[in-house]
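Undergrad: sequence first, predicted coordinates after that:
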Amino acid sequence: MTRKSENPPPAESTDRVAASLKAVRTQIDKLDLQLVELINKRASLATQIGKLKSADQGGEVFSASREEEVITNVLAHHKGPMPMVSVRAIFREVMSGCRSLQRMPKVAFLGPEYSYSHLATMERFGEAVEYMEVANIAAVFEEVNRRHVDFGVVPLENSTDGRIADTLDMFIRMPQLKICAEIRMRIHHNLLAKCEQIEIRRIYSKPQALSQCRNWLAKNVPHAQLLEVTSTTAAARLVQSEPNCAAVASRQAAVKYGLPILFNDIEDSTNNETRFAVISNTSSAKTGKDKTAVMFQIPHNPGSLADILALFKTHKINLTWIESFPIRAAKGEYVFFVEFEGHADDPKCKKAITALSDNSLKLSVLGSFPAAEALD
């Protein structure tokens, strides 16, 4: 028995839908033109601000405190339906474009492209920036110190693997450089391969990425050999040319190199997060929601560290991060890195820093910066 075809919709109904679509699209076209006009008006005002800053403040075009204020204000008034992450991305690029009209900032990052350091840098600065890819963390510090670039982005700590030793070591070598902003990114690892799961014989990635996925990899690809390479991007490149191998890398790397994603979000911890520091030659202005980082060395005496930490309790200052780091030139001696809530210019923070200096052999204020939220 042959089933009868459904009756097509009446022509007049189709015409009504077409007319409605045309009317809505016409409204969208008008709004798009209004958006372009408003964006350019904003850019003109940003150019005026750039001229005033050049005359008064030496021409700094990136202000982490001001940009954080803009984003916070926009998101506070956002009612949807567009996702907040999309609104943030739009305004990031608007501010990036406005900055470039004043002067194109130069930013160094730990390469290669589409590594997590690169993604964090783009998340903070947008597309309208002159980027410099360097081979290691020390090179990021050197480029900023020599003023070849305006800013550098370096990983500071990971929620799974802890501190990034190379970054702390460079702060000891160059304490004059300042943290002017932080970037907190939730790190999502993916398994990229051009073969089936059972055919994988080798898995490449950066040591930290393999470490953050070790339980998942042991359970799901126990037959594969884990091989360390310099970056997640380098791992993705290898998958392009080698048979029976896979990479632990970002989704963006998969898109860049045209690789299938066999499994998404394979990190062992759902709270896997890496925090990056934006370094420059200046600190950041107050926002009212800031953090300050300091580095100090104390006498090697019983109770010295306890006495130092008590100073923060006395001044009612909350610590958000503390690390000890060995001094290479002095066996058994340590430098301590501490981060706390508040700006170095806040009265109680000033008093605490003075007391800290009085009780330390050496103290460096590594900068005050806006507290950031974790981003996907």
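TA: Looks like it arrived, so ask away. Numbers count the residues shown, from 1 in each chain.

Undergrad: what are the bridge partners for the residue nearest to residue 177 when sequence neighbours are not counted, then?
TA: Distances taken as C-beta to C-beta, 6 or more residues apart in numbering put residue 279 closest to residue 177, at 5.1 Å, once the chain neighbours are dropped. Where you see a C-beta, it was placed from the backbone N, CA and C, and this is true even at glycine. Here residue 279 sits in beta bridges with residue 152, residue 179, going by DSSP bridges.

Undergrad: contact partners for the spatially closest residue to residue 240 that is not a sequence neighbour?
TA: Distance criterion C-beta to C-beta, 6+ apart; nearest residue to residue 240, sequence neighbours excluded, is residue 257 at 5.6 Å. By C-beta atoms under 8 Å, 6 or more residues apart in numbering, the contact set of residue 257 is 192, 236, 237, 239, 240.

Undergrad: where does the fourth one fall, secondary structure wise?
TA: Using DSSP states H and E, residue 239 sits in helix 232-241.

Undergrad: and that helix, what does it pack against?
TA: Judged by 3 or more C-beta pairs under 8 Å, 6 or more residues apart in numbering; DSSP states H and E, helix 232-241 is in contact with strand 190-193, strand 202-205, strand 245-249, helix 251-256.

Undergrad: would you map the helices across the stretch 1-150 of the chain?
TA: 11-56, 64-76, 84-102, 116-125, 137-145 (DSSP state H, counting those that start in this stretch).

Undergrad: hmm, I typed the wrong one, I wanted the stretch 201-350 of the chain.
TA: 207-212, 214-220, 232-241, 251-256, 304-314, 347-358.

Undergrad: report the buried residues of the next helix or strand after the longest one.
TA: If I follow you right, that is helix 347-358. Downstream of helix 347-358, the first helix or strand assigned by DSSP H and E is strand 362-370. Neighbour counts over strand 362-370 (16 or more other C-beta atoms under 10 Å) mark 363, 364, 365, 366, 367, 368, 369, 370 as buried.

Undergrad: pLDDT averaged over strand 362-370, what's the number?
TA: For strand 362-370, mean pLDDT rounds to 96.

Undergrad: what's the following helix or strand past it packed up against?
TA: Following the chain from strand 362-370 toward its C-terminal end, the next helix or strand by DSSP H and E is strand 374-375. Counting contacts by 3+ C-beta pairs under 8 Å, 6+ apart, strand 374-375 packs against strand 178-186.

Undergrad: tell me the domain ranges of this protein?
TA: 29-102, 190-263, 283-376 (automatic domain parsing).

Undergrad: mean neighbour count, the ones you listed: which tops it?
TA: Stretch with highest mean neighbour count among the domains of the chain: domain 190-263 (a mean of 19; mean count of other C-beta atoms under 10 Å).
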